[in-house]
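Participant: Predicted coordinates and the sequence they were generated for:
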Amino acid sequence: MPGQRSARARARGSWAFRLAGIGLALLLAGGGTAGYLLVGQVQHPAVPGSQLSARVASVQTVGLATPGPASRAAADAAAELLLGSPQGLIFRPATPADRTAGYPEWTADQMVGGSYIFIYISTGLCLSSTAGQAAALQRCDLSERQRWTREYDSTDATGQALWHLRNAADGRCLTAGSPLAAAAAAGSSAQLQRCGIGVSWRQLIAFWSGY
């Protein structure tokens with residue numbers, strides 16, 4: 001029907017404008033938060049059949065990091081940052097300089113209703129659960145597998161809040177999994193595991209910000 005085709009065209013246009021907004025935010029990142037306010041006004045196109053809100057409530061740029069294997073109160077150098085790599089998503093050991101800068105590699109879009117969508121700035125792809133154990137970067141579609149609930153756990157010795165990120169599709173939590181082979185890269189694989197079962201620091205995620 002003509003009306004249906006028109007609605008689909010408007011939805012595609014809204015998503016294209018969202019991507020353009022991300023690009024604008026990258027250009028303006030050095031100048032503060034003004035660029036992100038524009039992104040926060042954009043409504044994502046709804047997933048067909050989804051009851052999840054497609055409206056963005058707020059946007060911030062963050063680094064996503066675990067406190068590292070030393071302890072919950074680990075020094076900055078012990079933290080591990082969630083980053084893309086040739087091996088897929090990994091938690092890479094951070095440096096003190098990374099902590100100072102905040103390493104804002106992600107936009108954290110809080111949606112109306114409270115869930116989060118995490119967009120990797122370098123690629124424009126979204127943090128997603130998969131049918132397997134690995135977390136992945138995939139084309140953004142705003143489905144439940146790309147929706148995350150941020151659940152407070154504790155605060156470390158530096159005053160940094162630590163959270164669990166629970167996936168809406170399967171209830172698993174983002175986890176710093178098995179250590180990577182030294183020949184591949186230092187750090188841990190990014191996985192989805194059952195929440196709170198013998199994982200200690202591995203499921204604790206801090207939002208770092210340099211702003």
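Facilitator: All right, it came through fine.

Participant: Please report how far residue 186 lies from residue 137.
Facilitator: Taking Cβ to Cβ, to the nearest Å as the measure, residue 186 falls 20 Å from residue 137. C-beta here means a position set from N, CA and C on the backbone, and glycine is covered the same way.

Participant: Looking only at neighbour counts, state which of those two leads.
Facilitator: residue 137 (19 against 13; other Cβ atoms under 10 Å).

Participant: what packs against the biggest strand by length in the chain?
Facilitator: Longest strand of the chain, by residue count under DSSP state E: strand 56-66. Here strand 56-66 touches helix 34-40, strand 80-83, strand 106-111, strand 206-208, going by 3 or more Cβ pairs under 8 Å, 6 or more residues apart in numbering; DSSP states H and E.

Participant: in its sheet, what does the second one sit against?
Facilitator: Applying DSSP bridges to the sheet, strand 80-83 is found paired with strand 56-66 (antiparallel), strand 90-93 (antiparallel).

Participant: again with the last one
Facilitator: Its sheet considered, strand 206-208 pairs with strand 56-66 (antiparallel) by DSSP bridges.

Participant: can you give me the strands in this structure?
Facilitator: Along the chain, counting by DSSP E, strands occupy 56-66, 80-83, 90-93, 106-111, 116-120, 125-128, 136-138, 148-155, 161-167, 173-179, 188-193, 206-208.

Participant: In a markdown table: these, plus mean pLDDT and distance to residue 100.
Facilitator: Output for the strands of the chain, formatted as a markdown table (pLDDT from 0 to 100; distance: least, Cβ to Cβ, whole Å):
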| stretch | mean pLDDT | distance to residue 100 |
| --- | --- | --- |
| strand 56-66 | 94 | 11 |
| strand 80-83 | 94 | 13 |
| strand 90-93 | 91 | 15 |
| strand 106-111 | 96 | 18 |
| strand 116-120 | 97 | 21 |
| strand 125-128 | 98 | 24 |
| strand 136-138 | 97 | 26 |
| strand 148-155 | 93 | 19 |
| strand 161-167 | 95 | 18 |
| strand 173-179 | 90 | 22 |
| strand 188-193 | 94 | 22 |
| strand 206-208 | 93 | 10 |
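
Participant: what would those strands look like in JSON lines with distance to residue 99?
Facilitator: Formatted as JSON lines, those follow (distance: least, Cβ to Cβ, whole Å):
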{"stretch": "strand 56-66", "distance to residue 99": "8"}
{"stretch": "strand 80-83", "distance to residue 99": "9"}
{"stretch": "strand 90-93", "distance to residue 99": "11"}
{"stretch": "strand 106-111", "distance to residue 99": "15"}
{"stretch": "strand 116-120", "distance to residue 99": "19"}
{"stretch": "strand 125-128", "distance to residue 99": "21"}
{"stretch": "strand 136-138", "distance to residue 99": "23"}
{"stretch": "strand 148-155", "distance to residue 99": "16"}
{"stretch": "strand 161-167", "distance to residue 99": "14"}
{"stretch": "strand 173-179", "distance to residue 99": "17"}
{"stretch": "strand 188-193", "distance to residue 99": "18"}
{"stretch": "strand 206-208", "distance to residue 99": "7"}
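
Participant: buried set for stretch 123-132?
Facilitator: 124, 125, 126, 127, 128, 129 (16 or more other Cβ atoms under 10 Å).
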